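Colleague: model the structure of this input:
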Amino acid sequence: MRAVSIGGTTLHFDPPEAGRYHARILILPGLFQSQTCWRPLTSMLAHRGWEVYLLSRDPSARSADNLPEQNFASSVNDAIEASAKLGDKLILFGADVGASIALQAATEHRPMAMALFAPSTPAALGRRYAKTLGFLGRRKQATSGLGVTPPQTIARRCRGREDICAEPRALISELQTGVTSIRPNPAPPAIVFVPGGDALVDTQEALAFAKQKTARAAAMKLAGRWWPSLQGPNVADEVHRFLILTLGDRVVDFPDEIIED
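Modeller: Down below sits the predicted model:
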């Protein structure tokens, strides 16, 4: 993925191989998930013809610009700004905290459709994250430098260190002290993927997001926190099918002979 600037926001971009679909995908990753972690999924979607963008919260990407540290509200504002710049034909993807950010952003800039991966409320994420920290983990979080990295109980399950990135300290603190998010009403069509074996997201809590009228649960279950790296192509296939069946000729130019049939 290459970096591109849209307005005041820097995004990571995978160009479509065929330029087939009239919509753009914006991804808001989950806690500690780097752009490299998501690459198997984004590259497969780009291979299928989608124009894919990813909005990272990695603190190291903002330090050079002397920008204030991100919190939940500024992450939502970044998502809204990026959504507005990418246009009306936009599809939003969000994973755990990224799902909460995407849902909040969708109240201001409604997407055509959404994909929610292991969605959770910010408060529930904060509680489960706090449980993963022992005494040494809390001490490291209090004294570490730029950003917060995942505790070893989570990081050791990752296939490679390049899949991990830090999170803004202010955001992590907010998750533990309480932050609320709002869902769009009416909600756009959404597919919801539930996790298995994720220390930060409960399976049943994620499944509750699929009980809205416009949402449905995906067939595939996500494998832990680092699922984009492990299951990216397979998840991309199911999302692709959902988008084509849901959006149809809003994003695809069907040949005249198909329309006539």
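
Colleague: quick check: mean pLDDT of stretch 188-208?
Modeller: If you average the pLDDT over stretch 188-208, you get 95.

Colleague: flag every buried residue along it.
Modeller: 188-195, 198-202, 205-206 (16 or more other CB atoms under 10 Å). C-betas here are computed from N, CA, C, even on glycine.

Colleague: same thing with stretch 5-24?
Modeller: Ile6, Thr9, Thr10, Leu11, His12, Phe13, Asp14, Pro16, Tyr21, Ala23, Arg24.

Colleague: one step back: out of the buried residues of stretch 188-208, which are inside helices?
Modeller: Using DSSP state H, Glu205, Ala206 are the members of those that sit in helices.

Colleague: kindly indicate which of the buried residues of stretch 188-208 lies nearest Glu167.
Modeller: Checking the buried residues of stretch 188-208 against Glu167 by CB to CB gives Leu200 as the nearest, at 11.5 Å.

Colleague: so what's the closest one up against?
Modeller: Leu31, Asp96, Ser120, Leu125, Arg128, Tyr129, Thr132, Ile154, Arg225 (CB atoms under 8 Å, 6 or more residues apart in numbering).

Colleague: for Gly147, state which of the residues you listed is nearest.
Modeller: For the contacts of Leu200, the residue nearest Gly147 by CB to CB is Leu31; the value is 11.7 Å.

Colleague: which stretch of helix or strand covers Gln176?
Modeller: helix 169-177 (DSSP states H and E).

Colleague: also Tyr129?
Modeller: In the assignment (DSSP H and E), Tyr129 maps to helix 122-132.

Colleague: ranges for the strands of this structure?
Modeller: 2-6, 9-14, 24-28, 51-54, 90-95, 113-117, 190-193, 195-196, 215-217, 222-223 (DSSP state E).

Colleague: would CSV of those strands with distance to Gln70 be doable?
Modeller: Formatted as CSV, the strands of the chain follow (distance: least, CB to CB, whole Å):
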stretch, distance to Gln70
strand 2-6, 17
strand 9-14, 12
strand 24-28, 12
strand 51-54, 15
strand 90-95, 15
strand 113-117, 20
strand 190-193, 25
strand 195-196, 24
strand 215-217, 28
strand 222-223, 25
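
Colleague: what sits closest to Ala155 if chain neighbours are left out?
Modeller: For Ala155, ignoring the flanking residues on the chain, the nearest one in space by CB to CB, 6 or more residues apart in numbering is Ile164 at 6.0 Å.

Colleague: bridging residues for the one you found?
Modeller: Gln33 (DSSP bridges).

Colleague: right, I'll leave it there.
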